[in-house]
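A.B. asks: let's see this in three dimensions:
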Amino acid sequence: MKDITKYQGVIPAFYACYDAEGNISTEGVKALTRHLIAKGVKGVYVGGSSGECIYQHVDERKAVLEAVMSEAKGKLTVIAHVGCNNTADSVELARHAESVGVDAIASIPPIYFHLPEYAIAKYWNDMSAAAPNTEFVIYNIPQLAGTGLTMSLLREMLKNPNVVAVKNSSMPTQDIQMFKDAGIAARGEGNFVVFNGPDEQFVSGRVIGADGGIGGTYAVMPELYNAMHRLVDEGRIAEARAIQYDANRIIYKMCEAHGNLYAVQKELLHRMYGLNLGSVRAPMPGLVPSDEAVVVEAQRMIEQAVAKL
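C.D. replies: Here you go, the predicted model:
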């Protein structure tokens, strides 16, 4: 029987951290890890969309994970996204992730080419085979990957005993229920996890059965997501919904910027906590002077929402 309790909670998607020249800042990575430990989150999801994985080299992704593990090991659940545009690099990252002691590896499906399901299954299983003692999380994000997780593909992947979870970033909460049902049918109650992905529906996802969440805005306002998670567990749905509305309004505000959402959030963490995480890597757009009003208002909204807890 697997210990799924380590996945039940709020798991921020870890931001890429750069220095002034745009290189990986391992000091920034360590500082952000310490910050999230202090905020009481359950874990971190390293090297995913928020980590700008598709814009980083294999060696950079290894350096980031090593820096996270130097601070987080034994303190946080660490899930390392290892998917790359080719199987060889993905396998290399999977092997490395196991060597540094992560709790699980994860991957999106292959992007760009629309491959048949048997090819996607082999891509994932090749990674899993490279980390045979590490659990595997399927990352379903069809709006970006161009391929969605079907029930037939999930059932095929459940033949791999290391597949322990789905990180579901599709918009229908119904998908959470369907994936959870399939996991329970294959493994039994309490042996399979589904994470809510879309931050704007954290409460909805939890209510329909998600065990926790992995999200790209958690790190800038973890207090709100921790509170939502606790309130859902306590059955206080109306209170959780009110916090969800606050979080959503903050997300909408941050998305008004010319700069990418992650650039906004890293700037907020700098202003609020003194974290030096840099900007985003091109071709993502960085902040421009006209974004100042958005950043100032987003900070005010976060602080106001946290003060209400």
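
A.B. asks: do a quick rundown of the helices in the stretch 51-200 of the chain.
C.D. replies: Applying DSSP state H, counting those that start in this stretch to the stretch 51-200 of the chain gives helices spanning 58-72, 87-100, 117-130, 142-145, 151-157, 174-187.

A.B. asks: for those helices, which has the smallest mean pLDDT value?
C.D. replies: Mean pLDDT per stretch puts helix 142-145 lowest among those, at a mean of 82.

A.B. asks: hmm, back to that, let me have the helices of the stretch 51-200 of the chain in CSV, adding distance to residue 296 and mean neighbour count as columns.
C.D. replies: Where you see a C-beta, it was placed from the backbone N, CA and C, and this is true even at glycine. Below are those laid out as CSV (distance: least, CB to CB, whole Å; neighbours: other CB atoms under 10 Å):
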stretch, distance to residue 296, mean neighbour count
helix 58-72, 30, 20
helix 87-100, 38, 20
helix 117-130, 43, 18
helix 142-145, 29, 14
helix 151-157, 44, 16
helix 174-187, 36, 18
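
A.B. asks: of all those helices, which one comes closest to residue 231?
C.D. replies: Closest to residue 231 of the helices of the stretch 51-200 of the chain is helix 174-187 (CB to CB; 18.4 Å).

A.B. asks: how about residues contacting the closest one?
C.D. replies: 2, 140, 149, 151, 154-155, 158, 165-166, 168, 191-194, 196, 205, 208-210 (CB atoms under 8 Å, 6 or more residues apart in numbering).

A.B. asks: before we move on, what about stretch 50-66?
C.D. replies: 12-17, 24, 26, 29, 46-47, 78, 80-85, 89, 92-93, 96-97, 100, 102, 111, 216, 219, 262, 280-282, 284.

A.B. asks: now the end-to-end length of that stretch.
C.D. replies: Start-to-end span of stretch 50-66 (CA to CA, to the nearest Å) is 17 Å.

A.B. asks: so what's the gap between that stretch and the chain middle?
C.D. replies: Offset of stretch 50-66 from its chain centre (CA atoms, centre = their mean, to the nearest Å): 14 Å.
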